[in-house]
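> Sequence and predicted structure, then a few things I'm wondering about:
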Amino acid sequence: MNSPDVLIRQENGCLTRGNPAKFKGPALVAYVDILGMSSAITKSWGADSDSALDRLLRIKTAIPRDDEKTQVTLTISDPMTNKDFEKYLSITRTLSDSIVTMLALPLLPSQCDAQQFTTRVFNVLLCLRFIWQQSLREGFTIRGAIELGDMFWNETEFIGPCLVYAHRLENKFANTSRILVGHVLAANIVRFSQINPNIESPMNAFCISKDKKIIVDPHFLIGQEMADALERLQQTAGHARSKYDEVIEILRTPKEKVSRPNLAAMSSYIDDIAEQLNRGQP
């Protein structure tokens, strides 16, 4: 029996995993808010092509969905035959000015090795790259969080504890334009990095913020060339100008000089962020 995270087995035996039409189980979940969209909708609601509605619809049209045509398809190949035996795709849904990307995992961690896990994580990170870059093209930036936990989705609904955790992380700590890494995801990245240190770790795509949070490196997601676009947005952001300071500062720093986490920093972060999230929660 196929694992529930499998969409289809092709004739050549290659499994497409991560984006089944219906799923209940562990998943990677990235929750993103488009900064400034709510304000723009109230101030610029109209029929012209530069209205907030049209800009939002263009963002939603251009971001990844659930198919190979709209996202980067990452695969794992048999080194002996050079044939793909697994490929990974995610599902992205939108709700108002929020965007959620989800990628299903096997029901048991033992069914996923280090390469399979990290490849899945990179798939979601690349989807975040598309979302952030397209938002910038339409004059907006984003903030959010990525976490691992239980989710359910079908053709019309998506809900689960992991979405709650990712939203809580974004709401409590993503007070600037950045993507935070959840502590459950961080713990699994550490575990798989220790199991197989020869696999490229998602930690290489992370950096450490001024307030000691682990975030996805803007260099990886949008690139240094987007710093000018962010500075232009900052100039018109009014009281929200400070939300752009960190991301611009990181992008203006050469990426080889950005502070990156090691296993010790990740382990310390896992305990700290879990305690901060649970503080005051029922």
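Yep, that arrived.

> Quick one, grab the pLDDT at the closest residue to L221 other than its chain neighbours.
Leaving aside its sequence neighbours, L221 sits nearest to R129 (Cβ to Cβ, 6 or more residues apart in numbering; 4.8 Å). To be clear about C-beta, it is placed using only N, CA and C from the backbone, and glycine gets the same treatment. In this prediction, R129 carries a pLDDT score of 97.

> Now do the same contact list for R129.
Counting by Cβ atoms under 8 Å, 6 or more residues apart in numbering, R129 touches 220-222.

> Switch those residues over to a markdown table; also include neighbour count and secondary structure.
Below are those laid out as a markdown table (neighbours: other Cβ atoms under 10 Å; DSSP: H, G, I helix; E, B strand; the rest coil):
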| residue | neighbour count | secondary structure |
| --- | --- | --- |
| F220 | 20 | helix |
| L221 | 22 | helix |
| I222 | 23 | coil |
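
> Distance to A274 added to these, as a markdown table?
Below are the contacts of R129 laid out as a markdown table (distance: Cβ to Cβ, whole Å):
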| residue | distance to A274 |
| --- | --- |
| F220 | 24 |
| L221 | 24 |
| I222 | 28 |
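
> Next, format those as TSV and append distance to L107 and pLDDT.
Listed next are those as TSV, based on distance: Cβ to Cβ, whole Å; pLDDT from 0 to 100:
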residue	distance to L107	pLDDT
F220	30	97
L221	30	97
I222	34	96
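
> Show the subsequent helix or strand relative to the helix or strand hosting the residue nearest to L221.
Per DSSP states H and E, R129 falls inside helix 114-137. Of the helices and strands lying after helix 114-137 in sequence (DSSP H and E), the nearest is strand 141-153.

> helices or strands up against whichever helix or strand comes after that following strand?
Using DSSP H and E, the helix or strand that follows strand 141-153 in sequence is strand 158-159. Counting contacts by 3 or more Cβ pairs under 8 Å, 6 or more residues apart in numbering; DSSP states H and E, strand 158-159 packs against strand 141-153.

> Many thanks, have a good one.
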